[in-house]
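> Dropping the sequence and predicted coords here.
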Amino acid sequence: MKHRNLNKFQLYLLMLLASISMSWTHAASPSNGSYQQWKSEQQAKDQQLNSAAESRIAANRAAASASQNHYLSKPALAPSTSSDKIRLNSADAAQFQQLSGIGQKKAEAIVEYRSKNGKFKNIEDIQAVKGIGPAIYAKNKDRLAL
C-alpha cells in the first residue's frame, strides 16, 4: 500500500513539473507573435541608442582634437615685451588681476595702496601691499613695470 501511495505522489510531481515546463517553453517560444514583435522593437531601440552613443563619442573626440589641452604640455612662453607689462603706477584693478596669484581683493588693495602712499618708486615696492609677499612678487616681477 505504501508503495502504491509513493507512486501516486511521484506521478503527481511529474505532472506538475511537466505542466510548469510546458508553460515556460510556451512563454519563451519564438513562434509567439508578441515575443517576436517585442524582440524586433528592442533591437531597433538598441540600434538607435548605439548610433546615438557613437555619434556622441565621435563629437567628443572631434572637440578634444580641435582644442589644445594645456594640461598635456606646457606652452612655450614668449619673453615679455614692454606692452605685456603691467604698469604699477597706472594700471587699474582689472589689469592687476592678470598677474599670477592676484585676485580681485589683492588688485583692489594695490590700487588703494597706490592712492594712499603715492606712486611706486620701484617694482619691489609692491611687496609692501598687504597680501603680496616674496612668492607672488617672484612669480610676477618679469611682468611688472613702473
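Yes, it's here. Residues are numbered from 1 along each chain as shown.
> Just the helices from the chain, written as ranges.
2-27, 33-66, 93-96, 104-117, 134-140 (DSSP state H).
> Columns distance to residue 128, mean pLDDT and mean neighbour count on top of those helices, output as CSV?
In this view, the C-beta of every residue, glycine as well, is placed from N, C-alpha and C. Shown next, in CSV, are the helices of the chain (distance: least, C-beta to C-beta, whole Å; pLDDT from 0 to 100; neighbours: other C-beta atoms under 10 Å):
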stretch, distance to residue 128, mean pLDDT, mean neighbour count
helix 2-27, 85, 72, 9
helix 33-66, 46, 81, 10
helix 93-96, 15, 85, 16
helix 104-117, 7, 87, 15
helix 134-140, 10, 85, 14
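> Make JSON lines out of those and add distance to residue 87.
Shown next, in JSON lines, are the helices of the chain (distance: least, C-beta to C-beta, whole Å):
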{"stretch": "helix 2-27", "distance to residue 87": "83"}
{"stretch": "helix 33-66", "distance to residue 87": "36"}
{"stretch": "helix 93-96", "distance to residue 87": "8"}
{"stretch": "helix 104-117", "distance to residue 87": "11"}
{"stretch": "helix 134-140", "distance to residue 87": "13"}
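> quick one, which of the ones you listed is nearest to residue 146?
helix 104-117 (11.3 Å; C-beta to C-beta).
> Go ahead and produce PDB holding the CA coordinates of the closest one.
C-alpha atoms of helix 104-117 as PDB (Å, rounded to 0.1, in the frame of the first residue of the first chain):
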ATOM      1  CA  GLN A 104      40.100  91.000  -7.200                       C
ATOM      2  CA  LYS A 105      40.800  91.700  -3.500                       C
ATOM      3  CA  LYS A 106      44.600  92.000  -3.900                       C
ATOM      4  CA  ALA A 107      44.200  94.000  -7.100                       C
ATOM      5  CA  GLU A 108      42.000  96.500  -5.200                       C
ATOM      6  CA  ALA A 109      44.500  96.500  -2.400                       C
ATOM      7  CA  ILE A 110      47.300  97.500  -4.800                       C
ATOM      8  CA  VAL A 111      45.200 100.400  -6.200                       C
ATOM      9  CA  GLU A 112      44.200 101.500  -2.700                       C
ATOM     10  CA  TYR A 113      47.900 101.400  -1.500                       C
ATOM     11  CA  ARG A 114      49.000 103.500  -4.500                       C
ATOM     12  CA  SER A 115      46.300 106.100  -3.900                       C
ATOM     13  CA  LYS A 116      47.200 106.400  -0.200                       C
ATOM     14  CA  ASN A 117      51.000 106.200  -0.500                       C
END
